[in-house]
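Asks: got a predicted structure here, sequence first:
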Amino acid sequence: MKKQTLNVAGLSVNVFSLEEPGEDGDGDEEQQDGRQETKEKKKKPVAVMFLLHGRMSKAEHMEYVAKAFLDEVHQRRKAAAGAATPEGEREEVMDLWIVTFDHRNHGSRIVDGQANSAWSDNPSKRNDNHAIDMYAIQTGTAQDVSALIDFLPWYLFPNEERVVKEWIVSGISLGGHSTWIALKNDPRLKVGIPIIGCPDYLALIVPRAEASSIPIEPPYFPKTFVEYVKTHDPAGAGAAGAFWGKKILVVAGREDEVVPWAASERFVGELDVGGRG
């Protein structure tokens, strides 16, 4: 696995990919004969997947997940390499590249650690803005994904030697929430894998607040904040059409008490992605 770290307008971005054949060769006759083949391979389009970490975590913790994804793709393609496929049925093969970065107020971008905490009886750990902070961070992460879709290709391929043909987003926990938001907001994202993520923020956070004896009213839940969530959330009114034609793999834990499936079940069960989704 190859890793490169880029500074994209002040955001530190890690990019993982499989090593290209012949990258470190010294030019013997066999390699020279294969240069044209390698050159053509390097023109292969790229699919980029954003891999988003959870609350209290950081990009570094997702490196093993990126490696697992790439290893799985490599093994599947290796196993299928010898299989005969009718010429007309072959799908275009893209190289998978995986991108990680620290979410806002996480890792190298941390400003206030307590702002990542929840409600607590311990004053030193209590964060009365928990409902607002968590939604703002996951929304901001989705905005970062869209900004990287805008600008990352020019950092990766400044000579336009390759093309990013498909954008994918996946994330775990807080990153899973961001995955739903990014999928809803950005039409360029065609594939999404929310892992223990919830598309219905109020269905997730209100029971948490009630369990902590937090009233669903200002200052914990300003009325305009609640209205914003109802309007902009993936489960908000009229948002379902944003997922039309997208391929979504929803991964959840049956016994998960932190992100219970009950908070997502209705929306996911009713979601219509159309015939191509």
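Replies: Looks like it arrived, so ask away. Residues are numbered from 1 along each chain as shown.
Asks: which intervals of the stretch 1-150 of the chain have sub-threshold pLDDT?
Replies: Judged by pLDDT under 70, the stretch 1-150 of the chain has its weakly predicted residues at 20-42, 82, 84-91.
Asks: can you show me the helices along it?
Replies: Secondary structure of the stretch 1-150 of the chain by DSSP state H, counting those that start in this stretch: the helices cover 29-33, 35-41, 63-80, 130-156.
Asks: after the last one, next one along is what?
Replies: Going down the chain from helix 130-156, the next helix or strand is strand 164-172, by DSSP states H and E.
Asks: so for that following strand, what gets flagged as buried?
Replies: 164, 166-172 (16 or more other C-beta atoms under 10 Å). To be clear about C-beta, it is placed using only N, CA and C from the backbone, and glycine gets the same treatment.
Asks: for stretch 205-218, same thing?
Replies: Neighbour-count burial for stretch 205-218 flags 205-206, 208-209, 214 (criterion: 16+ other C-beta under 10 Å).
Asks: okay, now residue 8: neighbour count?
Replies: The burial metric for residue 8, expressed as a neighbour count using other C-beta atoms under 10 Å, is 19.
Asks: that one contacts residue 148, correct?
Replies: Yes. With contact defined as C-beta atoms under 8 Å, residue 8 and residue 148 form a contacting pair (6.4 Å).
Asks: hmm, back to that, highest mean neighbour count out of the helices of the stretch 1-150 of the chain?
Replies: Comparing those on average neighbours per residue, with mean count of other C-beta atoms under 10 Å, the densest one is helix 130-156 at a mean of 19.
Asks: what residues does residue 157 make contact with?
Replies: Contacts were defined as C-beta atoms under 8 Å, 6 or more residues apart in numbering; by that measure residue 157 touches residue 163.
Asks: let's see the pLDDT reported for it.
Replies: According to the prediction, residue 157 has pLDDT 95.
Asks: now it: how far from residue 269?
Replies: For residue 157, the distance to residue 269 equals 41 Å [C-beta to C-beta, to the nearest Å].
Asks: now the buried residues of strand 164-172 in JSON lines, with pLDDT and distance to residue 127?
Replies: Listed next are the buried residues of strand 164-172 as JSON lines, based on pLDDT from 0 to 100; distance: C-beta to C-beta, whole Å:
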{"residue": "164", "pLDDT": "96", "distance to residue 127": "38"}
{"residue": "166", "pLDDT": "97", "distance to residue 127": "38"}
{"residue": "167", "pLDDT": "98", "distance to residue 127": "33"}
{"residue": "168", "pLDDT": "98", "distance to residue 127": "32"}
{"residue": "169", "pLDDT": "98", "distance to residue 127": "27"}
{"residue": "170", "pLDDT": "98", "distance to residue 127": "27"}
{"residue": "171", "pLDDT": "98", "distance to residue 127": "22"}
{"residue": "172", "pLDDT": "97", "distance to residue 127": "21"}
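Asks: list just the nearest of these to residue 60.
Replies: Residue 60 lies nearest to residue 172 out of these, by C-beta to C-beta, at 13.7 Å.
Asks: hmm, the closest one is touching residue 56, no?
Replies: No. The pair residue 172 and residue 56 fails to qualify as a contact (C-beta under 8 Å) at a distance of 11.8 Å.
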